[in-house]
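Chemist: Fold the following, please.
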Amino acid sequence: MDPNCGVKTWYLKPTFYFQILWAVFSFVIIIYNIVLLSKTTDGFFNRAVSSGPSTIAVFILIFVILSVVGNCLSIFRLFRKYKKLILYGSCVTSAFTMILAIIYASVYGNQSYEKDTADKEIIRYMYKYPNNPETINFKKHITGKEVDAIYNYNDARLTHAGKILLGLLITWFLQQCCLLFIFIQDDEYAEVGNSQPLTANDGLAETYSK
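Modeler: Numbers count the residues shown, from 1 in each chain. Got it, this is the predicted structure:
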């Protein structure tokens, strides 16, 4: 089956626009992961709450970059000998990112962890280490009620972040599966076209071209 529905002009092919969509979405995911990583590696958050979210965010970013590199190699037809291996590898790494996003959302990105653990740990840390540079810096950025500030601080790194991350990476994994299908169908269509027997007209054209 031709994934481009018979369209030959490269800039009119449906797969070309899908690849652009995938590239834009991948860029958004990378930027969001970098922002999330910068938030979860905050010295105060790591000391007061947990280093778990930042560890997961690091692995997600690594797997996303690996998957993007693999797909770019396939799109630009580099290392053709290992194309299928690269394609399946990209799909597997994107599956890992989705699994890590599920872990992030289920372990850290929920209201029970945020309220019962994270909020309490921050309050405990603030009272236990009031003179630490991280605590002093955190208090400087508090506006309004302390309880609301702690909730907003944790929510941006836990519950709210987990929901966004999970939604982005599930959608991205589905796009990866579609890309894999497109590449496989494109290769099969090319192989069928190359293996078709010559027609009478093709034979005459080939004879006169010699």
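
Chemist: When you work out contacts or count neighbours from here on, use the C-alpha atoms and nothing else.
Modeler: Will do.

Chemist: Output stretch 119-129 in CSV, but only the C-alpha positions, please.
Modeler: Output in CSV follows, covering the C-alpha atoms of stretch 119-129 (Å, rounded to 0.1, in the frame of the first residue of the first chain):
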residue,chain,number,x,y,z
ASP,A,119,3.7,19.6,51.0
LYS,A,120,4.4,18.2,54.5
GLU,A,121,8.1,17.5,53.6
ILE,A,122,8.6,21.1,52.5
ILE,A,123,7.0,22.5,55.6
ARG,A,124,9.1,20.2,57.8
TYR,A,125,12.3,21.1,55.9
MET,A,126,11.6,24.9,56.2
TYR,A,127,11.2,24.6,60.0
LYS,A,128,14.1,22.2,60.4
TYR,A,129,16.5,24.2,58.3
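
Chemist: so residue 151 touches residue 119, yeah?
Modeler: Yes - when contacts are counted by C-alpha atoms under 8 Å, residue 151 is listed as touching residue 119 (6.8 Å).

Chemist: distance of the residue nearest to residue 158 when sequence neighbours are not counted from residue 169?
Modeler: Sequence neighbours aside, residue 109 is the residue nearest to residue 158 in space, at 4.4 Å (criterion: C-alpha to C-alpha, 6 or more residues apart in numbering). Remark: distance between residue 109 and residue 169 (C-alpha to C-alpha, to the nearest Å) = 14 Å.

Chemist: Tell me the helices and strands packed up against the longest helix along the chain.
Modeler: In the chain, taking DSSP state H as the definition, the longest helix is helix 159-195. Using 3 or more C-alpha pairs under 8 Å, 6 or more residues apart in numbering; DSSP states H and E, the elements in contact with helix 159-195 are helix 14-40, helix 83-107.

Chemist: what's in contact with stretch 108-124?
Modeler: 48-49, 53, 107, 150-151, 154-155, 157-163 (C-alpha atoms under 8 Å, 6 or more residues apart in numbering).

Chemist: Now that we have those residues, which of them are buried?
Modeler: Buried residues within the contacts of stretch 108-124, defined by neighbour count using 16 or more other C-alpha atoms under 10 Å: 48-49, 53, 107, 150, 154-155, 157-163.

Chemist: Throw the residues you listed into a markdown table and include pLDDT and distance to residue 96, thanks.
Modeler: Listed next are these as a markdown table, based on pLDDT from 0 to 100; distance: C-alpha to C-alpha, whole Å:
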| residue | pLDDT | distance to residue 96 |
| --- | --- | --- |
| 48 | 93 | 28 |
| 49 | 94 | 25 |
| 53 | 95 | 16 |
| 107 | 95 | 16 |
| 150 | 91 | 31 |
| 154 | 94 | 25 |
| 155 | 94 | 24 |
| 157 | 95 | 21 |
| 158 | 95 | 20 |
| 159 | 95 | 20 |
| 160 | 94 | 21 |
| 161 | 95 | 18 |
| 162 | 94 | 16 |
| 163 | 95 | 17 |
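
Chemist: which two in the residues you listed are spaced the farthest apart?
Modeler: Spatially, the most separated pair among those is 48 and 163, at 22.3 Å (C-alpha to C-alpha).

Chemist: Give the buried residues for the longest helix of the chain.
Modeler: Neighbour count says helix 159-195 has 159-163, 165-166, 168-170, 172-173, 175-180, 182-187 buried, by 16+ other C-alpha under 10 Å.
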